[in-house]
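S.K.: Generate a structure from the sequence data that follows.
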Amino acid sequence: MHEYLQHFLDFSARHLWLTLGLALLVSAAEALLVVGLFVPSTLILVGLGGLVGMGKLPFWPVFLATAAGAILGDALSYWVGHHYRERLYGLWPFSRYRDLLRLGQDYFSRHGGKSVVIGRFIPGIKAVVPGIAGMMGMNPWRFTLLNVLSALAWAATHLLPGLSAGWVVAVLAGISRRLALTFALTLILGLLLIWLVNRVIRLGLYYLPRWHAVLVAWVERKPERVHGLSGRIVLAEYANFRQETAMYLLLALALGGLLMVLANVLLQTGLGGLDPALSQGLQGLRTEWSDIPMLAATLSGDTFVITGVVVAVLGVLLYQRQHALLTGVLAAFLVAGVFIFGLKGMMQVPRPTPDLSSGMDTYSFPSGHTGFSTLLAGLLIWFALKGLPGRWYRPTVLLLVLLTGLISLSRIYLGAHWPSDVLGSLFFSTLLSLVFALVFQHEPVSAILSTRILSVAALSFPVLTGWHIHSSWDSARQKYQRHPAPPLVLEQPWQQGGWAALPAYRQDLHGAREEPFLLQWQGSPASLQTALPDWTPAPEWSLAGLDGFVRGDTAAPALPAIPKLQAGHAQQLTLIRVHPQGRYLLRLYPQPVAMPEGEVKTLWLGTVTDEQLHRPLGQFSLPWSDEEQVCNIDLQQLLPGAQAVGPVLAGAPEQAGCGGQRVMAGIRVH
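M.R.: Sure thing, here's the model as predicted:
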């Protein structure tokens, strides 16, 4: 899939006129009367904006083609409405959407000319408003003016989000091209899913009430249907039956998933290779910055926090004299404890990171963090659905699901659990939550009780998490720290041939070859900075640094450097030298080496990249890499006493990495 996406990106960049034609055609079709309902314009145009953001396409031609298509489509729709007038209601295919046409006519009657501008941004309405404007005799010159102005705004709102996403993809490409393509692919599939769901919902809202009315009439013709399976599926009085059936189906799915994971763990298949692949992949993404939220998430799922929240919930139930529910909640967590710790002792699956814990926590399957946090979230969701009003339970459910997902992800990310450990706990706790819901489905839960339970949980969880993070942060960082890679063993002294054993190119997270390492430095980063007086340190990442990207007048030295990883580690130092079109960046990475005599020291490997400063619309300052420009640099001339070694290394065009000959420099290099 990644290869197909890469071919599509390259094809779009090479065939600009075809891409502009696509933007024009899609924008015009999206604005056509009724036809626009079925055109995935948002998906395609945001994708084109992403190509602009990635530097594959120029902004202004794509923007003008998109706006021109929108203008043309609305103009054609206006002409159709103006020509056919009321006869439009009887013409195919418009006759099949009379309700939508009437809705557009009512909207136009209320808002007049403003509907041409506003309606373009409202799904459903935008497909009929231009035709309705023509049908109702709107002045063509006034319509044209509003059409042009709204089309320009509409094109911007569709392309600019994609442009931003494309820039993010380009930044991620510095870490890993595969990671960038994965992000782009996920974004595209997400937009496609949103478009499909939106269309299905809209069509469902239109057709389902009609189909339901037909089915109800069919069922009510015969008494045996009313009291049979057909009536239970269709009629409103059997809503509880349908809800209970859905819960049993979910319970069966959760049980099946748990049994599948158990079978894989017993057979030691690792979920068909998913366990090591996903575990290593996530741990390969680790950086100092991403470790912080993941450590916070894993601490929020510790026994201390979950137990404290459960005790607070039990206290509310005891205060409200809800003894049955109190017993049910307590029993659920006791069953979960027996299951989780019992399986740990029976199966004794080793953790991905050895010696991470001691005692019963030495073993991995199943995940206690995931199991207990998911069970707590499931029970809180049950209370929310039983007692909270609609405007509150939806965000509550979403927040609980996201928190549980983050805690589960953190366990794999930190190397504490295999994916099968987390998946098994998710299935088990979901199963246990559904059993609780079925047992207490007829138990009355007032809005006051639900509000108090969720309020106590919402207050105790951040307080306990904050205290736990404050008191356990240092020990958690030590416990879950990344194990440093062993030093590279040099069979010859560094200056006498050992330099050839050091990596020649930077590698991304998936092992792809990127910019060449043009510098091997012996000494400290500070000494290199002293040796290059024309190079200045890149600014640290901060709010002021981020603000520089969204200003149109930021100078190149004032912008932070995008981090690029070498074997999962970011650069330790970045130096900048300004040139007329932008800036050079020298990124320095540590490389532990073991000398032939046994001494272990750190050498520093440096890459040089060339970034031009682009200011789209005069509102941004974006450092950009021009893939077409060849960048070569001679560090030997810049560093006193430097020694050039080895052949000339080619640059990395997609990273604008400069090529050249490797240079050894630093203290005691002659």
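S.K.: What's the mean pLDDT across stretch 431-449?
M.R.: Here stretch 431-449 scores 87 as its mean pLDDT.
S.K.: Tabulate the CA atom coordinates of that stretch in PDB.
M.R.: What follows is stretch 431-449, C-alpha atoms only, in PDB (Å, rounded to 0.1, in the frame of the first residue of the first chain):
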ATOM      1  CA  LEU A 431     -16.800  -9.200  28.600                       C
ATOM      2  CA  LEU A 432     -17.000  -8.500  32.300                       C
ATOM      3  CA  SER A 433     -18.500  -5.100  31.800                       C
ATOM      4  CA  LEU A 434     -21.200  -6.500  29.600                       C
ATOM      5  CA  VAL A 435     -22.000  -9.200  32.200                       C
ATOM      6  CA  PHE A 436     -22.400  -6.500  34.800                       C
ATOM      7  CA  ALA A 437     -24.700  -4.600  32.500                       C
ATOM      8  CA  LEU A 438     -26.800  -7.600  31.800                       C
ATOM      9  CA  VAL A 439     -27.100  -8.500  35.500                       C
ATOM     10  CA  PHE A 440     -28.100  -5.000  36.500                       C
ATOM     11  CA  GLN A 441     -30.000  -4.000  33.400                       C
ATOM     12  CA  HIS A 442     -33.300  -3.500  35.300                       C
ATOM     13  CA  GLU A 443     -31.600  -1.800  38.300                       C
ATOM     14  CA  PRO A 444     -32.800   1.800  38.500                       C
ATOM     15  CA  VAL A 445     -30.100   4.400  38.300                       C
ATOM     16  CA  SER A 446     -31.100   8.000  38.900                       C
ATOM     17  CA  ALA A 447     -29.400  11.000  37.200                       C
ATOM     18  CA  ILE A 448     -28.200  12.100  40.700                       C
ATOM     19  CA  LEU A 449     -26.500   8.800  41.400                       C
END
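S.K.: Would you mind pulling the contact partners of it?
M.R.: Contacts of stretch 431-449 with the rest of the structure, by CB atoms under 8 Å, 6 or more residues apart in numbering, involve 244, 247-248, 250-251, 254-255, 258, 316, 320, 322, 324-325, 328-329, 332, 335-336, 374-375, 378-379, 381-383, 386-389. For every residue, glycine as well, the C-beta is placed using N, CA and C.
S.K.: domains for this structure, by residue range?
M.R.: Domain assignment for the chain, taken from automatic domain parsing, gives 2-200, 244-479, 488-666.
S.K.: tell me the mean pLDDT for the helix or strand where Arg142 lies?
M.R.: According to DSSP states H and E, Arg142 maps onto helix 140-175. Helix 140-175 shows an average pLDDT of 73 in the prediction.
S.K.: ok so, going back, any chance of JSON lines for the domains of the chain, columns mean neighbour count and distance to Lys222?
M.R.: Converted to JSON lines, the domains of the chain look like this (neighbours: other CB atoms under 10 Å; distance: least, CB to CB, whole Å):
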{"stretch": "domain 2-200", "mean neighbour count": "19", "distance to Lys222": "31"}
{"stretch": "domain 244-479", "mean neighbour count": "18", "distance to Lys222": "22"}
{"stretch": "domain 488-666", "mean neighbour count": "17", "distance to Lys222": "63"}
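S.K.: between those domains, which gets nearest to Trp218?
M.R.: domain 244-479 (20.7 Å; CB to CB).
S.K.: where's the closest one relative to the chain centroid, distance-wise?
M.R.: 22 Å (CA atoms, centre = their mean, to the nearest Å).
S.K.: Would you confirm that Asn147 contacts Gly134?
M.R.: No: counting by CB atoms under 8 Å, Asn147 does not reach Gly134; the two are 11.1 Å apart.
S.K.: Can you check which residues contact both of those two?
M.R.: Joint contacts of Asn147 and Gly134 (CB under 8 Å, 6+ apart) are Tyr78.
S.K.: Please identify which helix or strand holds the residue nearest to Gln581 when sequence neighbours are not counted.
M.R.: In space, and not counting its chain neighbours, Gln581 is closest to Gln612: 4.9 Å by CB to CB, 6 or more residues apart in numbering. Under the criterion of DSSP H and E, Gln612 resides in strand 600-614.
S.K.: Check which helices and strands the helix or strand that comes right after that strand is in contact with.
M.R.: Downstream of strand 600-614, the next assigned helix or strand under DSSP H and E is strand 622-624. Strand 622-624 sits against strand 582-594, strand 600-614, with contacts defined as 3 or more CB pairs under 8 Å, 6 or more residues apart in numbering; DSSP states H and E.
S.K.: Now do the last one and strand 582-594, the angle between them.
M.R.: If you take axes from the mean of the first three to the mean of the last three CA atoms, to 10 degrees, strand 600-614 sits at 160 degrees to strand 582-594.
S.K.: Could you give the average pLDDT over strand 600-614?
M.R.: So the average pLDDT for strand 600-614 ends up being 88.
S.K.: same check, this time on stretch 559-575
M.R.: 81.
S.K.: and what of stretch 524-531?
M.R.: Stretch 524-531 comes out at a mean pLDDT of 89.
S.K.: From the chain's centroid, how far away is it?
M.R.: The answer for stretch 524-531 is 38 Å, by CA atoms, centre = their mean.
S.K.: circling back: who wins for proximity to Phe428 among the helices and strands packed on strand 622-624?
M.R.: When these are compared by CB to CB, strand 582-594 sits nearest Phe428, at 42.6 Å.
S.K.: May I have the strands that pair with that closest one, each with its orientation?
M.R.: Strands that pair with strand 582-594, judged by DSSP bridges, come out as strand 488-489 (parallel), strand 573-579 (antiparallel), strand 600-614 (antiparallel).
S.K.: Output it as CSV - backbone C-alpha positions only.
M.R.: Provided in CSV are the C-alpha atoms of strand 582-594 (Å, rounded to 0.1, in the frame of the first residue of the first chain):
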residue,chain,number,x,y,z
GLY,A,582,17.5,29.7,3.3
ARG,A,583,19.9,27.8,5.6
TYR,A,584,22.2,24.9,6.0
LEU,A,585,21.6,22.6,9.1
LEU,A,586,24.4,20.5,10.6
ARG,A,587,22.8,17.9,12.8
LEU,A,588,25.0,16.0,15.3
TYR,A,589,24.3,12.5,16.6
PRO,A,590,26.2,10.5,19.3
GLN,A,591,27.8,7.2,18.3
PRO,A,592,29.3,5.1,21.2
VAL,A,593,32.3,3.1,20.0
ALA,A,594,34.6,0.6,21.7
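S.K.: residues touching Leu262, list them.
M.R.: Applying CB under 8 Å, 6+ apart to Leu262 gives the contacts Gly424.
S.K.: so it, which of the three states?
M.R.: helix (DSSP: H, G, I helix; E, B strand; the rest coil).
S.K.: Quick check: it vs Ser429, distance?
M.R.: 14 Å (CB to CB, to the nearest Å).
S.K.: okay but the residue nearest to Gln581 is in contact with Gly582, surely?
M.R.: Yes: using CB under 8 Å, Gln612 is in contact with Gly582, at 3.9 Å.
S.K.: Show me whatever sits in contact with both of those two.
M.R.: Counting by CB under 8 Å, 6+ apart, the residues touching both Gln612 and Gly582 are Pro623, Trp624.
S.K.: Got the confidence number for Phe333?
M.R.: So Phe333 comes in at 93 (pLDDT).
S.K.: show me the contacts for the closest residue to it other than its chain neighbours.
M.R.: Nearest residue to Phe333, sequence neighbours excluded (CB to CB, 6+ apart): Val310, at 6.1 Å. Residues near Val310 by CB under 8 Å, 6+ apart: Val329, Phe333, Leu376.
S.K.: Can you tell me how far Val310 is from Asp302?
M.R.: Distance, Val310 to Asp302, by CB to CB: 13 Å.
S.K.: partners of the residue nearest to Gln581 in the sheet?
M.R.: Gly582, Trp624.
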